[in-house]
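1. 3D model of this:
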Amino acid sequence: MKTLLKLVAAFCGGMMTVPAIAQQYPTKPIRFVVPYAPGGNTDVLARLIGQRLADTFPHPVIVDNRPGIDGVVGINVVARAAPDGYTILMVSSSHAINTSMGMKLPYDPLKDLAPITQTASQQILLIVHPSVPAKSVKEFVAYAKSHPKGLNYGSSSSATQLATELFNSLAGIKMVHIPYKGAAPMMNDLLGGQIEASFAPSVISLPHVKSGRVRALAIGDSKRSVFMADLPTVAEAGVAGYQAAIWTGMLAPATTPRAIIDRLNKEVVRIVRSPELTERLVQLGSDTVGGTPEQFDKFVREEIVKWEVIAKRVGIWGKN
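-> Next up, the predicted model:
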């Protein structure tokens, strides 16, 4: 009986420590892993959120860029990290799309990571170098068809690659894929004319569109955006059925205590829904989201299914 009572007491004591840990959390700096190169859309958002988390928490939040294999290297770092809340992760759409494209991953995206929240949904723009004479999507499609060897397009992730391959398929053209390790180096080559086109995140596209260094032809989503109300959607501009946008979200290692997940969720949702950050993201072509861990988990699962169908349709499933 004494042994049983000791076990019950130990169990109850253990249960009581979880809320206590969450109340004390964090007691040391948090590593915020971004599995992409600095300067891209995911990195920009992670730094905006990380700065505001650091203002809330008594310890710094340190952004740690770990690019490689379209996010796989950095994601694997977090999937293998201690589940204590001191290593967290910001991902983009490629987190789901890598699975959708049949990539062999060193982790299970659904089992080895715990969702915190979806942070934002961001527009992608079809942009071209000024040397491309097209001023509309229809003119661009005609121009691409007149170049049978193919125009070069850049992608910084599997998400933008698949978005462009969907465009190729629906428009009946074939652009040549040039992969990059991040959005910033891809944009540098587009600005320099080494590639002709890209479906690129609005965060990195807008400054160059406004300066005239690249030309925006259309927006990828199914509806126009408030930040460029005159810019038509790809579907409106003549490629029926096209829709693509990218998103970002936060994760932690699987088995991270739920109390810590809830604490992070509460703080991050408050940050992304604040008027200050909402206005900032609208200027960058993003809509803030926020939501429960369960909502984000459901969303990721749906994205994997949706884009796997498209990857198989355009013939690139299992080829990355």
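2. Which secondary structure state does residue 259 sit in?
-> Assigned with DSSP: H, G, I helix; E, B strand; the rest coil, residue 259 falls in the helix class.
3. What about it, how many residues nearby?
-> 17 (other Cβ atoms under 10 Å). The C-beta positions use only the backbone N, C-alpha and C, and glycine is treated the same way.
4. How about the one 10 residues further on?
-> Residue 269: 19 surrounding residues under other Cβ under 10 Å.
5. What does the pLDDT read for it?
-> pLDDT, residue 269: 97.
6. hmm, who's touching whichever strand or helix holds it?
-> Assigned by DSSP states H and E, residue 269 belongs to helix 258-272. With contact meaning Cβ atoms under 8 Å, 6 or more residues apart in numbering, helix 258-272 is reached by 18-19, 21-22, 25, 49, 52-53, 56-57, 84-85, 88, 114, 116-117, 119-120, 250, 252, 277-278, 281, 288-293.
7. Can you flag the buried ones in those residues?
-> Buried by 16 or more other Cβ atoms under 10 Å: 21-22, 25, 49, 52-53, 57, 84-85, 88, 114, 116-117, 119-120, 250, 252, 277-278, 281, 288-291, 293, out of the contacts of helix 258-272.
8. give me the low-pLDDT residue ranges for the chain?
-> Residue ranges of the chain with pLDDT under 70: 1-23, 319-320.
9. Is residue 171 in contact with residue 142, as I believe?
-> No: Residue 171 lies out of contact with residue 142 (Cβ atoms under 8 Å); the separation is 10.0 Å.
10. Which of these two has more residues huddled nearby?
-> Ranked by neighbour count (other Cβ under 10 Å), residue 171 and residue 142 place residue 171 first, with 21 against 13.
11. Would you mind listing the residues in contact with that one?
-> 141, 144, 239.
12. how about these in CSV, adding neighbour count, distance to residue 38 and secondary structure?
-> Below are the contacts of residue 171 laid out as CSV (neighbours: other Cβ atoms under 10 Å; distance: Cβ to Cβ, whole Å; DSSP: H, G, I helix; E, B strand; the rest coil):
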residue, neighbour count, distance to residue 38, secondary structure
141, 21, 34, helix
144, 23, 32, helix
239, 22, 33, coil
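13. with these in mind, which one is nearest to residue 32?
-> residue 239 (37.2 Å; Cβ to Cβ).
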